[in-house]
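Participant: Okay, here's the prediction I keep looking at, along with the sequence it came from:
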Amino acid sequence: MIRAPFQLVPLDSAQDRAAFRSDSEPLNRYLREQVTQDIRRRVAACFVALADGQRVAGYYTLASASLLLTDLPASTGKKLPRYPTVPVVRMGRLAVDQAFKGQGLGGALLADALDRASRSEIAAFALMVDAKDEAAAAFYRHHGFIVLPDSPLSLFLPLATVQRS
Ligand SMILES: CC(C)(COP(=O)(O)OP(=O)(O)OC[C@H]1O[C@@H](n2cnc3c(N)ncnc32)[C@H](O)[C@@H]1OP(=O)(O)O)[C@@H](O)C(=O)NCCC(=O)NCCS
């Protein structure tokens with residue numbers, strides 16, 4: 001359960017992201033140095049959890065993507081149309097500042113991403129993630145994500161199974 005009050009909103013330039021420190025330096029650097037350029041080029045959207053009004057406590061990114069039908073588990077693929085690919089939303093990055101870990105914020109950011117993806121007017125079959133390591137993959141499995149049979153660090157959650165808020 002999430003304990004501290006956080007606001008989940010799109011990233012904007014007034015927010016303080018300079019001090020953001022998760023366990024992953026590449027994810028910290030991405031938020032400091034790269035994300036605004038990706039947003040400007042429309043290759044990623046970024047959403048943040050704000051603590052104390054303007055401090056970024058966690059963030060994630062979303063973008064359109066597609067999955068090869070043949071990469072999905074056979075039991076999932078057989079229920080989908082016979083097109084070569086299926087549309088998905090990719091959560092490219094997810095990180096929580098060390099000061100806010102273990103308070104349910106990672107789970108709340110994931111729920112927010114699933115909610116945004118399932119509310120979109122543009123159809124997507126699932127939210128997918130490429131976990132950066134086995135610990136991250138375990139986090140997603142804990143939240144019900146399904147592993148792609150041939151790539152244990154790629155996982156998806158069908159959006160039809162998500163309860164909209
Ligand atoms: C992974 C990360 C986002 C989790 O954030 P968090 O706020 O500490 O996680 P939460 O407190 O929301 O945990 C929610 C649930 O996931 C579980 N969980 C957390 N990390 C887990 C892991 N590595 N494996 C399995 N379960 C995990 C918690 O036990 C909790 O379970 P509960 O709801 O049943 O009590 C955070 O540790 C982080 O930023 N890590 C560095 C970056 C990273 O690995 N990102 C992953 C994307 S590549």
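Facilitator: It's in.
Participant: what's near enough to touch the residue in the chain positioned nearest to the ligand?
Facilitator: Of all residues in the chain, G106 sits closest to the ligand, with a separation of 2.3 Å (Cβ to the nearest ligand atom). Bear in mind the C-beta positions are built from the backbone N, C-alpha and C, glycine included. G106 makes contact with G58, L94, V96, F139 under the criterion Cβ atoms under 8 Å, 6 or more residues apart in numbering.
Participant: quick one: which helix or strand includes the residue lying farthest from the centre of the chain?
Facilitator: Distance from the C-alpha centroid of the chain, by Cα atoms, centre = their mean, peaks at R82 (26.9 Å). Using DSSP states H and E, R82 maps to neither a helix nor a strand.
Participant: Tell me the pLDDT of it.
Facilitator: With respect to pLDDT, R82 scores 93.
Participant: before we move on, the earlier item: what does the average pLDDT come to for the helix or strand where the residue of the chain closest to the ligand lies?
Facilitator: Assigned by DSSP H and E, G106 belongs to helix 105-119. For helix 105-119, mean pLDDT rounds to 97.
Participant: Next secondary structure after that helix?
Facilitator: strand 126-130.
Participant: Write out the residues of this protein neighbouring the ligand.
Facilitator: 22-24, 27, 94-96, 101-107, 131-132, 135-136, 138-139, 142 (Cβ under 6 Å from any ligand atom).
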